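> here's a sequence, model it:
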Amino acid sequence: VIPSLHSWNLFYSTGVSLNVTGMALLTSLQYCTIALLCLSSIALTQSFEEQLVVHRRRLLGSDHKYQLNDPVPLYAAKVGPFANPSETYEYYKLPYCKPKDGVRYKTLGMGEVVDANRMATIPYDLNFRVDRKEEKICEKALTDDDMIKFRKAVHDDWYFQLYYDELPVWGFVGKVEKIIPKAGQPEYKYFLFTHIDFDINYNNDRVIQINVLTDPQQAVDISENTKDVKVTFSYSVKWSPTTTTFDDRLQRYERFPLNPIHLEIHWFSIINSCVTVLLLTGFLATILMRVLKADFVKFSREDATMEEEESGWKYIHGDVFRFPPNKSLFCSFVGTGTQIFTLSLFIFALALLGTFYPYNRGALFTALIVLYALTSCIAGYVATSYYVQMEGQAWVQNILLTCLCYCGPFFCMFMFLNTVAIAYRSTAALPFGTIVIILIIWGLVTIPLTIFGGIAGKNNKQDFAAPCRTNKYPREIPDLPWYRMAFPQMVMAGFLPFSAIYVELYYIFASVWGHKVYIIWSILFIVYIILIIVTAFITVALTYFQLAVEDHRWWWRSFLCGGSTALFVYGYCFYYYYARSGMSGFMQTSFFFGYNLMVCFGFFLMLGTVGWRSSLLFVRRIYQAIKCE
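Predicted coordinates:
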């Protein structure tokens, strides 16, 4: 719904005194804003209509009900090395047989395309409840180029992924056999699977389950010393009844994450994290309460020698609320971190409602793109509101900086990685049309909403409300030992929160950068809450210790200490890549470390905001409790 022009005029003009330049800027923004909103509404409407069409076609199109001999949709989504989940290609990257009427591609939603799916028809006739035995697809004489492609796929352990009635199923292209002679070097034989057995279960008029089996007895030798290879691709279909209901057909994909052994590991992680939180909370509460109580008693004395006895954190009461350097960048970080924090809460809400069920293609990516665009107003409001409270004047530049704070580095990284994927001709490379849609959403939704939020924050007349007056000149900071410098403090601040989540990180990485399914969102949400609590407490403690040694530069320090957990998470990426995964190759390596860098940057902004806000509440509270001028 687009508000009227009169509403925007009231919104902009209420309680605001601007000079001529500011008035001209706002007037231009009004007309530009309405035009952008109209265009963005059209773009968003088309995007949502596309998603609704895809969703309606999937769930309500045929209601997944079929009669005898009805065609059931079967598509090939991708092929690629099993160890490199990001390195995926179209199914016909390999010289398989194509349908006689030509290859047709299914229309996909934005999230499905981002998930590197390219749904193509394949020449298998799997009509409902029709058994087939040794059905021949085609005979093909493999050329040298075909042999090289298949041999490389078998060597790299390539798999293919199909979707039958929206149910995912996987199979391998071939196998490698190691032959060890009595004398000499071992020899490797490469075999191509040419026959596939489809085992399908049904319940009345619905498809319940599908399995793919490759027959080793019908594998063709495609080793380097073989010539003039002719292959016959074939398949068999067997239908069997089952008592599993249609509503429960996805449960088979949930068995691994719900395995009792894995659940015990998850709960052990939560118990370990809870113990960490309790110990940390008790320790900090005891120390801080005792120290602060003694400080309050000492600082509340009203004798003539008080000024001479001042020391510790009260001594810097005239500098503790001195605004940080580079406050425009600082406020942009805080605004973007608040947006990402809000975005994470929305994602958890959707996940706990069951939106992201296993292999719901692209649902999570669609939610991330749309929700990030819609929550951008939060970043603009928070960033500009704090910037104005900190007596900043260049609020327009602050809004623009907030727009580019996270999207700028992410876009640069995306362009590099997408170029790599294009060079590899991988389905991980987004098509031009999808890139245009994302840019339209960013340009016509994200930026205008950030500007709206920024203008609302600029018009907010709330003061910073510092309990102490700031001196005109800053006090000199005493010499401090090395362990009180920024980096050692960041290491101490990031270790405890990371120790509370590192067990859960493996399962997340195995899901995002592997082929395992992660559906235990409730446990992940508990770990997330624990992470926020531990980050807040450890940052507050380090802020107090910093003020106690008369170092009033706590603004950036609290943000860096809060976000330092992201450094440990990125360090864990190296451990996972080299010790826990079999990933290799330039494309997979660049995708893994590139996109993880962007995720950790967002993690840094979110947790840094949590640490700074917690420290701000703490600092305000302790200085309100003492008498200071």
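
> quick one: low-confidence ranges for the stretch 201-350 of the chain?
Residue ranges of the stretch 201-350 of the chain with pLDDT under 70: 254-263, 266, 288, 290-311.

> can you show me the strands along it?
206-214, 219-221, 230-241 (DSSP state E, counting those that start in this stretch).

> can you tell me which of these is nearest to residue 316?
Closest to residue 316 of the strands of the stretch 201-350 of the chain is strand 206-214 (C-beta to C-beta; 67.8 Å). Just so you know, the C-beta spots here come from the backbone N, C-alpha and C atoms, and that holds for glycine as well.

> in the closest one, what counts as buried?
Going by neighbour count (16 or more other C-beta atoms under 10 Å), the buried part of strand 206-214 is 206-210, 212, 214.

> residues contacting residue 381?
335, 453-454, 456-457, 460 (C-beta atoms under 8 Å, 6 or more residues apart in numbering).

> and residue 123, which of the three is it?
coil (DSSP: H, G, I helix; E, B strand; the rest coil).

> do you know how far the closest residue to it other than its chain neighbours is from residue 120?
Once flanking residues are discounted, residue 123 sits nearest to residue 99: 4.5 Å by C-beta to C-beta, 6 or more residues apart in numbering. Computed as C-beta to C-beta, to the nearest Å, the residue 99 to residue 120 distance reads 9 Å.

> so those two - more neighbours on which side?
The residue with more neighbours, out of residue 99 and residue 120, is residue 120; 18 against 14, by other C-beta atoms under 10 Å.

> how about that one, what does it touch?
Counting by C-beta under 8 Å, 6+ apart, residue 120 touches 75-76, 90-92, 103-106.

> kindly recompute the last result at 10 Å.
75-78, 90-92, 98-99, 103-106 (C-beta atoms under 10 Å, 6 or more residues apart in numbering).

> can you pull out the helices in the stretch 401-550 of the chain?
Using DSSP state H, counting those that start in this stretch, the helices of the stretch 401-550 of the chain run over 407-424, 432-441, 447-459, 486-512, 521-548.

> likewise the stretch 201-350 of the chain?
Counting by DSSP H, counting those that start in this stretch, the helices of the stretch 201-350 of the chain are 260-299, 306-309, 327-352.

> now the ones you listed in TSV, please, with extra columns for mean neighbour count.
As requested, the helices of the stretch 201-350 of the chain are arranged in TSV below (neighbours: other C-beta atoms under 10 Å):
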stretch	mean neighbour count
helix 260-299	14
helix 306-309	10
helix 327-352	21
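
> which one of the ones you listed lies closest to residue 523?
It's helix 260-299; of the helices of the stretch 201-350 of the chain, that one is closest to residue 523 (C-beta to C-beta) at 4.9 Å.

> re the thing from before, could you dump the helices of the stretch 401-550 of the chain into TSV with distance to residue 602 added?
What follows is the helices of the stretch 401-550 of the chain, written out as TSV (distance: least, C-beta to C-beta, whole Å):
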stretch	distance to residue 602
helix 407-424	8
helix 432-441	17
helix 447-459	16
helix 486-512	14
helix 521-548	14
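
> now residue 384: how far from residue 522?
For residue 384 relative to residue 522 (C-beta to C-beta), the value is 36 Å.

> noted, bye for now.
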